[in-house]
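> no sequence on this one, just coordinates:
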């Protein structure tokens, strides 16, 4: 004997709740992957050529903003940074790439250009931005420090004020190619 069962409103409601819970769990897990600060970058990174240049693209509501950058991915290059430079074009900068995500701190030793230091995590989001002013003639121990507000894999130095003028804020997504 076959018994036919009809779905009642209560049964449909239970199925809808289960489906909603499954989708919520999936969405939260996917969101965690996108915002995880692990040492493995998820952002698109691809070698463009052998000249050690980088393109940094900020994805903004007003449109993408691209900076053509020198790359500082060795200890020596990161220590030198933009020291003793007298100018920097508004569409250029220096991208610092670290071996792993960690909190970092910059200073303006022998740096002559006022800078925005944009700290970027491993998943491509701006963590924080520091406006850094030159401090000529200041002893190393007395130089101001400009820290990241959490683990970062990248830092970008550009002319000071561009971040505020263009709407680059913590949480802005960044695409990197180098």
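Looks like it arrived, so ask away. Note that the structure is a prediction, hence the values are computed from the model and not measured.
> When you work out contacts or count neighbours from here on, use the C-alpha atoms and nothing else.
OK.
> Can you show me the helices along the chain?
In the chain, the helices defined using DSSP state H lie at 9-35, 75-80, 162-166.
> Below-threshold pLDDT in this protein: ranges please.
1-7, 21-52 (pLDDT under 70).
> Output the longest strand belonging to this protein.
Criterion DSSP state E: the longest strand present in the chain is strand 92-102.
> So which residue is smack in the middle of the chain?
In the chain, the centroid-proximal residue (CA atoms, centre = their mean) is residue 120; its distance is 2.4 Å.
> Quick check: closest non-adjacent residue to it.
In space, residue 120 comes closest to residue 126 once its chain neighbours are excluded; the distance is 4.4 Å by CA to CA, 6 or more residues apart in numbering.
> quick one, what contacts residue 125?
Contact analysis of residue 125 by CA atoms under 8 Å, 6 or more residues apart in numbering lists 170, 171, 172, 173, 174.
> likewise residue 65?
So residue 65 contacts 57, 58, 59 (CA under 8 Å, 6+ apart).
> Could you check how far stretch 142-156 is from the centre of its chain?
In terms of CA atoms, centre = their mean, to the nearest Å, the centre of stretch 142-156 is found 12 Å from the chain centre.
> what comes into contact with it?
Here stretch 142-156 has contacts from 37, 39, 93-109, 116-122, 127-130, 132, 135, using CA under 8 Å, 6+ apart.
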